[in-house]
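Novice: the following comprises the amino acid sequence and a computationally predicted model.
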Amino acid sequence: MGVTRRDFLKASAAATAFAAVGASALNPLKAGIAEAADDGIKWDKAPCRYCGVGCSVLVGVKGGKIVATKGDPAGPVNRGLNCVKGYFLSKALYGKDRLTTPLIRKNGKMVPASWDEALDLIASKFKDSIAKNGPNSVAMYGSGQWTVLEGYTAVKLFKGGIGTNNVDPNARLCMASAVGAFMNTFGSDEPMGCYDDLDLGDTYILWGANMAEAHPVLYSRMIDNRLKHPNVKIIDLGTRWTRTSQQADEYIPFKPHGDLAAINAIIHVILRDKLYDQAFIDKNTVFKRGTENAPYGLKDKESFDDVAKPLTFEQYKELMKPLTPEWAEKICGIPAKKLVELAHIYGDKTRKINSLWTMGVNQHVRGTWVNNLLYNLHLLTGKIGRPGENPLSLTGQPSACGTAREVGTFGHRLPADMVVMNPKHREITEKIWGIPAGRISPKPGPHATEMFRAVDRGDIKCIWIQCTNPYQSLPNLNRYRKAGDKPGTYAKKNDAFIVVSDIYPTRSTEMADVILPSASWVEKEGVFGNTERRTQHWFKMVEPPGQAKNDTWQLIELAKRLGHGGLFPYKHFDKEMFEEYRQFTIGTGKDLAPYETYYKVRGLRWPVINGKETRWRYAEGHDPKVTKGVGVEFYKAPNKKASIWFRPYEPPAESPDMEYPLWLCTGRLLEHWHTATMTGRVPELKRAMPEAVIEIHPEDAKKLGIKSRDQVRVSSRRGSIVMTAELNGRGKPEKGSTFVAFFDETKMINELCIDAFCPISKEPDFKKCAIKIQKV
Amino acid sequence: MPVSGIVLSCLEGKADEVAEKAALLDGIEVHGVLPDSQIIAVVEADTVNGEVALVEQLHEIEGVVSVRLACHYFEDT
Amino acid sequence: MRSIIRLLTVLCLSAALVLPLLANADETPVNYAADAAKTGGDPPTVPHRMKEGDTGKSCLACHEKGLNKAPETSHPQRLDCVQCHVQGEIKK
């Protein structure tokens, strides 16, 4: 056809200009020419590597290297848009210090080794420990960044092979409270709604979620909706003024932990002023009361049972009576009048209400409770399971849903909402896996915090960490780390054998006895599942650098050495293993499509039934599992009824006092993702946000004699670090509160965090502890 | 050699006239006139300075309200 | 010099476009190269100091029409500018 490089460029330039004004369809050249042009770049699709939004990106490969990533115009999540992290995605894989060879610690030094040497060593340590101390002396700590099949491999090897449930993911630090409430409210994990609600609703109430920075593409979708529909309202409730507040229609500040009181008061008013939907309640819900005066997880091996007692609606109303707006105002600081107003917004039959939340609610010592209360708002008003009005729990990792939650890489879970404690669930699993009955242990494995406490105590002797950075991201880090012999070096606290698979040196690889170089993202084939139940597939596009290998290969090599190689008999690994995993989902309302279906589509939202995805679960006309004529049906819940829980106010684990007078909240910001092991290696992102600072309210700073950019010592009962103070910066904490992002590996703020957690979900509270600040 | 995709916004009813004039300039290719008085064009020149001059000339055409850059490709060769 | 000129020497500014979603993405034949051609590359970083509290509106004050030698944006309808354009090296 004789299209030159220059013709191609010109066609591309024109196409981009057409697209810029939303008129691609009018481009006379259409897209054909791009195909004909041979610029040597091969394009393919993949979900973004970073957060739980699950944007589709187009990946351009030339000469065996990724040369460009673009927002995918055909991606239904992001429609051509990315956030800044996504645009510079390819650079995340090409940092100068990529790990390319296995390393073994010898006399305190990390020495290059062959794969065989490294794997043989790991296998001998695992075998030894299992023989001497039983299978519960070994553990796997995984990730919501694992692909579906990486998680599946780990669960199958540990639960079905080794015979221990000692597998937990970093998603425990992130989404466990959401899971807890989905299970005890609806009997099945993950949202009923989807991102379409961001286009179709008119009222968005954000509970402590800085979406503009942590879920930017979704926030833009909401802003677009408002641009087109002026009646759209965004209300941001939070403990800190953020970029989200800036663009919201209203910002309502509340005191840390105040959400627990505020939502109860809103429910009180919904009941008092009869704003509820009696018919919906009668048909679809039951009332329950759980165990109160719950503990905070501060003691090792603490156990807790949330025992449900049934309530009538009348009893529930009676229990809610004392939780008035006036009572709540004293705790949360939101004026009683405003709480009444919010109740009337939730109860307004003319408005399509959506609640959105993420870590503010989940990382909370009563995280499952707050999730329950948010569902109560929607269940009482009947604003749920309908297009345009739903509660939506946002996730933080690309496959927290697809892998950690759906595959079930938690200590207590199995695929498709099943749990190890249930004999029937174990039987189903053992059958699909073709393993002897009774192989899966009925004892749930430890949750993340307890797992690392067990390593610290010496109960767990060997631990393998993949695809995550716990020695920076766990709370109360100083329990697990200690200073090394030389300044600036660190060491683990006992002789536990630690294996870390990663793509770069991290604060966790420095603790490792063996470091394994991993393949990342499009260096392997994979599947992720995002917040809105969308399962997205990508092919391997480039070779991993050096000797790096994907995480499944690493796990299966261990399996072979432990005599469990028979668990993984696949010839066409990805396809066959996915089809095996898919069996768990068929007929459950969490149905996945055949593997090849995902090759070409930009993901599909499960349940995929008769080849069709489901936008709204439990909704007639959308979810084929719903009985005809019933409208909404929570068919996964016992008796098809969702639970409305009475959850009162209980105080935080630690509050400011004379000695430690300020709150500390931690979190994310736009440029960096989690512990910045990837984004920290992208020059554009590193330059835009080089270090973590502590945001302080100007009045608090004045009292302490601190000016902006001063160096300050920040201390809690658990640790102390020096960092830069920032006043009136990007985020503005309310008086008495401070904020530090946790990405900075040179200022590990999690050393200060308390390891208190929600007794139901075991998710730690990274948002609230007491600190003091001194000028240095 | 730089290549850019641009969007010209024109006064209402002037787009066709502007497009004709723009197409006469050496280095400008008009790719389409949209119903809302916008023109899609590609600017091509030997040097950045040449491209700059072309865009200047576009601004001079009567009826042009704005010239917006949609993308820019710069070849190293 | 007109504002747009400055930008020509810098980078591609086609990043954060609003693109109409193809009516039925699943049924159109897959052509990733064509899709890639429809959309831009890396968003340029911001070569001047940004004030905290700047909103899309304050960016557009200059970037909508190209006042003060600012490059004109191709996508004034996208208001969360800092979602894609982050602080870059500050050029004097």
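Specialist: Perfect, thanks for sending it.
Novice: is any residue of the helix or strand that contains C:D35 near chain B?
Specialist: Applying DSSP states H and E as the criterion places C:D35 in helix C:32-37. No - figure legend: helix C:32-37 not in contact with chain B (C-beta under 8 Å from any C-beta of the partner chain); closest approach 10.2 Å. All C-beta spots, glycine's among them, are computed from the backbone N, C-alpha and C.
Novice: what's the following helix or strand after that helix?
Specialist: By DSSP H and E, the next helix or strand past helix C:32-37 is helix C:56-63.
Novice: so which bits of that following helix are buried?
Specialist: Within helix C:56-63, the residues scored as buried using 16 or more other C-beta atoms under 10 Å in any protein chain shown are C:56, C:59-60, C:62-63.
Novice: list just the nearest of these to chain A.
Specialist: C:G56 (7.8 Å; C-beta to the nearest C-beta).
Novice: what residues are up against that closest one?
Specialist: C:G56 makes contact with A:247, C:78-81, according to C-beta atoms under 8 Å, 6 or more residues apart in numbering or on different chains.
Novice: greatest separation within the buried residues of helix C:56-63: which pair is it?
Specialist: Farthest pair in the buried residues of helix C:56-63 (C-beta to C-beta) is C:G56 and C:C62. Separation: 12.1 Å.
Novice: and the residue of chain B found nearest chain A, helix, strand or coil?
Specialist: Closest contact between chain B and chain A, by C-beta to the nearest C-beta, is at B:G5 (3.4 Å). At B:G5, secondary structure determined by DSSP: H, G, I helix; E, B strand; the rest coil is strand.
Novice: now do it, the pLDDT please.
Specialist: Per-residue pLDDT puts B:G5 at 80.
Novice: could you report the neighbour count for it?
Specialist: 31 (other C-beta atoms under 10 Å in any protein chain shown).
Novice: would you check that it makes contact with A:L9?
Specialist: No - using C-beta atoms under 8 Å, B:G5 is not in contact with A:L9; the gap is 9.5 Å.
Novice: low pLDDT regions in the chain?
Specialist: All of this refers to chain A. Residue ranges of chain A with pLDDT under 70: A:1-5, A:20-25, A:27-38, A:484-488.
Novice: hmm, no, I was thinking of chain B.
Specialist: For chain B, residues meeting the criterion pLDDT under 70 lie at B:1, B:71-77.
Novice: give the helix, strand or coil label for the residue nearest the centre of it.
Specialist: Centroid-nearest residue in chain B, with C-alpha atoms, centre = their mean: B:A41, separated by 4.8 Å. Secondary structure state of B:A41, per three-state DSSP, is strand.
Novice: which residues does it contact?
Specialist: Taking C-beta under 8 Å, 6+ apart, we find B:A41 in contact with A:14, A:17, B:5-6, B:8, B:22, B:28-31, B:58.
Novice: A:K772 in helix, strand or coil?
Specialist: Relying on three-state DSSP, one would call A:K772 strand.
Novice: what bridges to it?
Specialist: When bridges are called by DSSP bridges, A:K772 pairs up with A:S715.
Novice: again, but for A:I694
Specialist: Applying DSSP bridges, one finds that A:I694 bridges with A:A725, A:V740.
Novice: quick check, it in contact with A:V712.
Specialist: Yes - between A:I694 and A:V712 there is a contact at 6.6 Å, judged by C-beta under 8 Å.
Novice: overlap in contacts of the two?
Specialist: Common neighbours of A:I694 and A:V712 (C-beta under 8 Å, 6+ apart) are A:723-725, A:773.
Novice: if any of those residues are buried, put those into a ChimeraX selection.
Specialist: Buried residues within the shared contacts of A:I694 and A:V712, by 16+ other C-beta under 10 Å, are selected in ChimeraX with:
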select /A:723,725,773
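Novice: buried ones in stretch A:292-300?
Specialist: If you call a residue buried by 16+ other C-beta under 10 Å, then stretch A:292-300 has these buried ones: A:294, A:296-297.
Novice: contacts for that stretch next, please.
Specialist: Identification of contacts with stretch A:292-300 by C-beta under 8 Å, 6+ apart yields A:302, A:304, A:306, A:365-366, A:449-450, A:453, A:457, A:648, A:650, A:653, A:754-760, A:762, A:764.
Novice: so how far is it off the chain centroid?
Specialist: Distance of stretch A:292-300 from the chain centroid (C-alpha atoms, centre = their mean, to the nearest Å) equals 23 Å.
Novice: direction included, what does the helix or strand where A:A139 lies pair up with?
Specialist: If you go by DSSP H and E, A:A139 is part of strand A:138-142. Applying DSSP bridges, strand A:138-142 is found paired with strand A:167-169 (parallel), strand A:462-466 (parallel).
Novice: quick one: contacts for A:N476?
Specialist: Residues near A:N476 by C-beta under 8 Å, 6+ apart: A:718-719, A:750-751, A:753-755.
Novice: and the closest residue to B:A45 other than its chain neighbours, helix, strand or coil?
Specialist: Distances taken as C-beta to C-beta, 6 or more residues apart in numbering or on different chains place B:E51 nearest to B:A45, at 4.0 Å, with adjacent residues excluded. The local conformation at B:E51, judged by three-state DSSP, is helix.
Novice: B:E51 contacts B:I28, doesn't it?
Specialist: No - between B:E51 and B:I28 there is no contact under C-beta under 8 Å: 10.3 Å.
Novice: what about the strands in the stretch 451-600 of chain A?
Specialist: Counting by DSSP state E, counting those that start in this stretch, the stretch 451-600 of chain A has strands at residues A:462-466, A:481-483, A:490-492, A:497-502, A:514-517, A:526-529, A:534-538.
Novice: who touches the first one?
Specialist: Contacts with strand A:462-466, where a contact means C-beta under 8 Å, 6+ apart, come from A:122, A:125-126, A:129, A:137-143, A:146, A:150, A:154, A:451, A:455, A:496-502, A:508, A:512, A:518, A:551, A:554-555, A:558.
Novice: rewinding a little: mind putting the strands paired with strand A:138-142 into TSV with mean neighbour count?
Specialist: Shown next, in TSV, are the strands paired with strand A:138-142 (neighbours: other C-beta atoms under 10 Å in any protein chain shown):
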stretch	mean neighbour count
strand A:167-169	30
strand A:462-466	25
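Novice: looking at A:I694 and A:V712, which is more packed in?
Specialist: Ranked by neighbour count (other C-beta under 10 Å), A:I694 and A:V712 place A:I694 first, with 25 against 22.
Novice: residue contacts, the more buried one?
Specialist: Here A:I694 is in contact with A:712, A:714, A:723-726, A:738-740, A:773 (C-beta under 8 Å, 6+ apart).
Novice: change it to 7 Å
Specialist: Counting by C-beta atoms under 7 Å, 6 or more residues apart in numbering or on different chains, A:I694 touches A:712, A:714, A:723, A:725-726, A:738, A:740.
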